[in-house]
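# Quick check, what structure comes out for this input:
(chains A, B, C and D)
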2 protein chains.
Amino acid sequence: MNLTNTKKFDHLPDEKQQIIIDASVAEFADNGFKNASVNKIVNNAGIAKGSLFNYFKSKSLLFEYVYTLALKEVKAYLARVRDESNQDEFFTRLSKIIHAGINFIDKHPLLAKIYFRLLNSDDSPRGKKIIKELHTEAVDYLKQFIMEGIERKELSDKLNISTTAFMLEAILNRILQTYYLDLFDPESDIDKENKEWINSIVGVLKNGLSGKP
Amino acid sequence: MNLTNTKKFDHLPDEKQQIIIDASVAEFADNGFKNASVNKIVNNAGIAKGSLFNYFKSKSLLFEYVYTLALKEVKAYLARVRDESNQDEFFTRLSKIIHAGINFIDKHPLLAKIYFRLLNSDDSPRGKKIIKELHTEAVDYLKQFIMEGIERKELSDKLNISTTAFMLEAILNRILQTYYLDLFDPESDIDKENKEWINSIVGVLKNGLSGKP
DNA sequence: TTATAAAATGACCGGGTGGTCATTTAAATA
DNA sequence: TATTTAAATGACCACCCGGTCATTTTATAA
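Prediction:
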């Protein structure tokens, strides 16, 4: 018994699937889960409400579907970036990962919107669980990254890996959130190539606040 | 012409005011702005709906009132902590500020809920504006703090103050959010005195990732 | 072409929403 | 106490919600 059975939806023509997904993403991005309107989704997708509830048994399951799809995309993208920058030095690599995140937001602003909404809103099914999942995934991703840095002696071997991953995650997340907020703020025109800003952050991370070296 | 005129409400007996505020805080904390129910607020406060709309012209203005009140409380508390620890060395002081934040969440869990909801949910009046305001306030608070550290030669004078404040804000915020999530997670029993954890973070901040000193 | 099965449809349902206002109750004034 | 003023009330409004299902349209099989 699979509650998230989407056999019906999977057999739809790809084009129609995409229209429905796009309408759902847009609506969830704009309004979160509870305030998203199924009526608006079906209107924008140009299908009948009955059809949508034939494909997905409930609004919750539709959200799960869209959310899972989006998460898969993000993870694949970030894993690729990490692997492709395999040869670079740690802090160069870190910088590349940050820029990759910014790049993803540029390409998928609506997915970013859903993500940041999810992060603290708690209005979606399994809300808190999802938040913890995301946090854990990101930290695990960074832990591996940090361990590689230590092995190559580019990072101090006295670092507490968990602590460091936690900090990196916090900062990365904040950078992306700031970029995201500016992106949707009509008053602000952002510097798409603000390498200076990011380099500055990476620099402080490298040498610490006391600046002994 | 003051749209947020609350003369009527202000002239209520303090006790009644508090009952209404408490009911509003609880409802907004549990459901965010849009999904909060005015009906539930008046039921829990034991007053008629007409009365509430007599005190506050709309749900939005009620929210503004509650939000402003809460923000004032947080700011006063944090300013007090910063000033009281005036004599301490920078990283001791930083640690104290973090613990003060945790302490505030313990004492005012519902206000914390509203705050973290606000932070990324965008479902409240002036949502995006409020988020930016909060971020700016926090960064300004930390900038002053960092500048004092530099003046006393406890921090490197080569630090970019904006960058450093940005990073500190990100980490502080993440620490508090993690604590907050654990607090409302029945499965997790948190270590209320996890000084080790916080000291570890402060240590990494102090010396940086490359660990040269 | 006709019979059968599958997919699409949208009117309809019970329920909740923020907000209003005529009416009742209480307080203040004379 | 009688009269005026202000505060409290809750039934009511128009609207929107997620979800259902009898009916119609389309695709498939005979």
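
# looking at it, residue A:46 is touching residue A:19, isn't it?
Yes: if you go by CB atoms under 8 Å, residue A:46 and residue A:19 touch, sitting 7.1 Å apart. For the C-beta atoms, the positions are set from N, CA and C on the backbone; glycine is no exception.

# if you count what's nearby, which of the two comes out ahead?
residue A:19 (16 against 10; other CB atoms under 10 Å in any protein chain shown).

# got a list of what that one touches?
Residue A:19 makes contact with A:45-46, according to CB atoms under 8 Å, 6 or more residues apart in numbering or on different chains.

# Can you tell me which helices and strands the host helix or strand of residue A:177 packs against?
Using DSSP states H and E, the element containing residue A:177 is helix A:161-183. Packing contacts for helix A:161-183, counted by 3 or more CB pairs under 8 Å, 6 or more residues apart in numbering or on different chains; DSSP states H and E, involve helix A:90-107, helix A:109-121, helix A:127-151, helix A:195-207, helix B:127-151, helix B:161-183, helix B:195-207.

# Convert the C-alpha atoms of the second one to PDB, please.
What follows is the C-alpha trace of helix A:109-121 in PDB, where atoms were taken according to Å, rounded to 0.1, in the frame of the first residue of the first chain:
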ATOM      1  CA  PRO A 109      14.300  31.000  -8.100                       C
ATOM      2  CA  LEU A 110      10.900  29.300  -7.400                       C
ATOM      3  CA  LEU A 111      12.500  26.200  -6.000                       C
ATOM      4  CA  ALA A 112      14.700  28.500  -3.800                       C
ATOM      5  CA  LYS A 113      11.500  30.200  -2.600                       C
ATOM      6  CA  ILE A 114      10.000  26.900  -1.600                       C
ATOM      7  CA  TYR A 115      13.200  25.900   0.100                       C
ATOM      8  CA  PHE A 116      13.600  29.000   2.200                       C
ATOM      9  CA  ARG A 117       9.900  29.000   3.000                       C
ATOM     10  CA  LEU A 118      10.100  25.400   4.200                       C
ATOM     11  CA  LEU A 119      13.100  26.100   6.300                       C
ATOM     12  CA  ASN A 120      11.400  28.000   9.000                       C
ATOM     13  CA  SER A 121       7.700  28.000   8.300                       C
END
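
# before we move on, back to that, can I get the helices and strands packed on helix A:161-183 in a markdown table including distance to DNA strand D?
Output for the helices and strands packed on helix A:161-183, formatted as a markdown table (distance: least, CB to the nearest atom of the strand, whole Å):
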| stretch | distance to DNA strand D |
| --- | --- |
| helix A:90-107 | 26 |
| helix A:109-121 | 15 |
| helix A:127-151 | 16 |
| helix A:195-207 | 39 |
| helix B:127-151 | 19 |
| helix B:161-183 | 26 |
| helix B:195-207 | 41 |
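
# okay, those in a markdown table with mean pLDDT next?
As requested, the helices and strands packed on helix A:161-183 are exported to a markdown table (pLDDT from 0 to 100):
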| stretch | mean pLDDT |
| --- | --- |
| helix A:90-107 | 94 |
| helix A:109-121 | 81 |
| helix A:127-151 | 89 |
| helix A:195-207 | 91 |
| helix B:127-151 | 90 |
| helix B:161-183 | 93 |
| helix B:195-207 | 91 |
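
# out of these, which comes closest to DNA strand C?
When the helices and strands packed on helix A:161-183 are compared by CB to the nearest atom of the strand, helix B:127-151 sits nearest DNA strand C, at 15.9 Å.

# Out of the helices and strands packed on helix A:161-183, the one nearest residue B:96 is which?
Nearest to residue B:96 among these is helix B:195-207 (10.1 Å), distances taken as CB to CB.

# Which parts of that closest one count as buried, going by neighbours?
B:197-198, B:200-202, B:204-207 (16 or more other CB atoms under 10 Å in any protein chain shown).

# Farthest pair within those?
Pairwise distances across these peak at 16.9 Å for B:197 and B:207 (criterion: CB to CB).

# got the contact list for residue A:178?
Contact partners of residue A:178, counting by CB under 8 Å, 6+ apart, are B:135, B:166.

# What's the separation between it and residue B:170?
9 Å (CB to CB, to the nearest Å).

# Kindly report the same for residue A:98.
Noted for residue A:98: a distance of 13 Å to residue B:170, by CB to CB.

# Need the residues touching each of the two.
Residues touching both residue A:98 and residue B:170 (CB under 8 Å, 6+ apart): residue A:175.

# quick one: what helix or strand has the residue of chain A found nearest DNA strand C in it?
DNA strand C sits closest to residue A:50 of chain A, with a gap of 1.7 Å, by CB to the nearest atom of the strand. Counting by DSSP H and E, the element that carries residue A:50 is helix A:49-55.

# Great, nothing more from me.
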